[in-house]
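> Sequence first, then the predicted structure, then my questions.
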Amino acid sequence: MPARSDRGLRVLVVANQKGGVGKTTTAINLGTALAAVGEKVLLIDSDPQGNASTGLGIGRALRKKTLYDVLMGEQPLLEAVVKTSVPGLDLIPSDPDLSGVELELGQQARRSFKLRDAIAPVRDAGAYTYILIDCPPSLNLLTVNAMAASDAVLVPLQCEFFALEGLTQLMRTIDLVRGSLNPALELQGVVLTMYDRRNSLSEQVASDVRSHFGDAVYQTVIPRNVRVSEAPSFGKPVLVYDLKCSGSQAYLKLAREVVLRERKRRAPQLELS
Ligand code: ADP
Ligand code: MG
């Protein structure tokens, strides 16, 4: 096994155009769990609502330089990095200006590659082993930039009746990005979120999703857990707020699965358990 720094950087985008499915929660807590197992993680908040920034305790006053400045070419990516309270987890914050990017970039050449171009110098620098990108709830230019910049997509899916609706559109967008901007884009996996085992609908949705997506669905299911929803108001990942709760434990398991998939991808001939 090569030293961690030799393994290179993987860029994962957390995407689903539906709002409230657990994208931000997953980005924050998967990022924290990866940092906890020794990865060096940069979380890029690519939602103008800035929930990932707030949820990590980076209030507006601390957002001096943001993703907006980076995408507009005014700051190199590393200049906009903010340390979080979690060792090994850094953040590129966002603010409402980010919603203007679509209009401001207009028909500029490479408008879809702004994030990819910004990440390029960081790829070989060795400062990070994972970049996670938290997307807005739409398939707009920000999401397209995130997909064009990424190696793989991680899709959170809420265990509710309409879960599969809209996924066709997401998969079509991924295909479009593969066909034009980023042929190498992979599906890292689909994670079921807010699973409620007292609710038979959750189980039904989970089995539908598994029969539709097969092995792409992680074994780990994120349970609905009130501690997970409380944590952001304290500006903390749930793993810091309450490590023992079921939500934290699930995100630690998810991180292990994500890392395992990455290792298998790098060395498919090795049987890793
Ligand atoms: P998105 O980024 O996709 O819009 P969020 O991550 O912001 O979704 O989650 C939507 C809401 O659901 C938030 O209030 C969040 O705290 C809550 N939530 C997310 N995951 C869980 C969970 N596993 N258990 C309980 N509440 C959750
Ligand atoms: Mg969000």
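It's in. Residues are numbered from 1 along each chain as shown. Ligands and ions are numbered 1, 2, ... in the order given.
> So which residues of the stretch 51-200 of the chain form strands?
82-83, 89-92, 130-134, 152-158, 186-195 (DSSP state E, counting those that start in this stretch).
> counting contacts, what elements does the last one pack onto?
With contacts defined as 3 or more CB pairs under 8 Å, 6 or more residues apart in numbering; DSSP states H and E, the secondary structure elements packing on strand 186-195 are helix 23-36, strand 152-158, helix 200-213, strand 217-223, helix 246-266. C-beta coordinates here come from the backbone N, C-alpha and C atoms, glycine included.
> okay, the residue in the stretch 51-200 of the chain that ligand 1 sits nearest to: pLDDT?
Proximity of the stretch 51-200 of the chain to ligand 1 (CB to the nearest ligand atom) peaks at residue 194, 4.8 Å away. We have a pLDDT of 96 for residue 194.
> contacting residues for residue 160?
By CB atoms under 8 Å, 6 or more residues apart in numbering, the residues touching residue 160 are 194, 201, 205.
> Next up, the contacts around the residue nearest to residue 100 when sequence neighbours are not counted.
Of all residues not flanking residue 100 in the chain, residue 68 sits nearest, at 7.5 Å (CB to CB, 6 or more residues apart in numbering). Counting by CB under 8 Å, 6+ apart, residue 68 touches 94, 95, 97, 98, 100, 101.
> Could you identify which of these has the most neighbours?
Highest neighbour count within the contacts of residue 68: residue 94, with 30 neighbours (other CB atoms under 10 Å).
> Could you tell me how many residues sit around the closest residue to that residue other than its chain neighbours?
Nearest non-adjacent residue to residue 94, counting by CB to CB, 6+ apart: residue 45, 4.1 Å away. Around residue 45 there are 32 other residues, counting by other CB under 10 Å.
> repeat for the one 10 residues further on
Burial measure for residue 55: 26 neighbouring residues, criterion other CB under 10 Å.
> Identify the residues contacting it.
Contacts of residue 55 by CB under 8 Å, 6+ apart are 24, 25, 28, 231, 232, 235, 236, 237.
> ok, so of those residues, who is nearest ligand 2?
Each of the contacts of residue 55 was scored against ligand 2 by CB to the ion, and residue 24 proved nearest at 3.3 Å.
> Residue numbers of the chain in contact with ligand 1?
19-25, 51, 137, 193-194, 222, 224-225, 228-229, 232, 247 (CB under 6 Å from any ligand atom).
> any weak-confidence spans in the stretch 151-273 of the chain?
Low-confidence segments of the stretch 151-273 of the chain (pLDDT under 70): 268-273.
> Residue 110 against residue 117, yeah?
Yes - counting by CB atoms under 8 Å, residue 117 is a contact partner of residue 110 at 6.8 Å.
> So between those two, which is more surrounded?
Counted by other CB under 10 Å, residue 110 and residue 117 do not tie: residue 117 has more neighbours, with 16 against 10.
> so which of the contacts of residue 55 are also by ligand 2?
residue 24 (CB under 5 Å from the ion).
> So which bits of the stretch 1-150 of the chain are right by ligand 2?
23, 24, 51.
> Could you export these as JSON lines, including neighbour count and pLDDT?
As requested, these are arranged in JSON lines below (neighbours: other CB atoms under 10 Å; pLDDT from 0 to 100):
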{"residue": "23", "neighbour count": "28", "pLDDT": "98"}
{"residue": "24", "neighbour count": "28", "pLDDT": "98"}
{"residue": "51", "neighbour count": "19", "pLDDT": "98"}
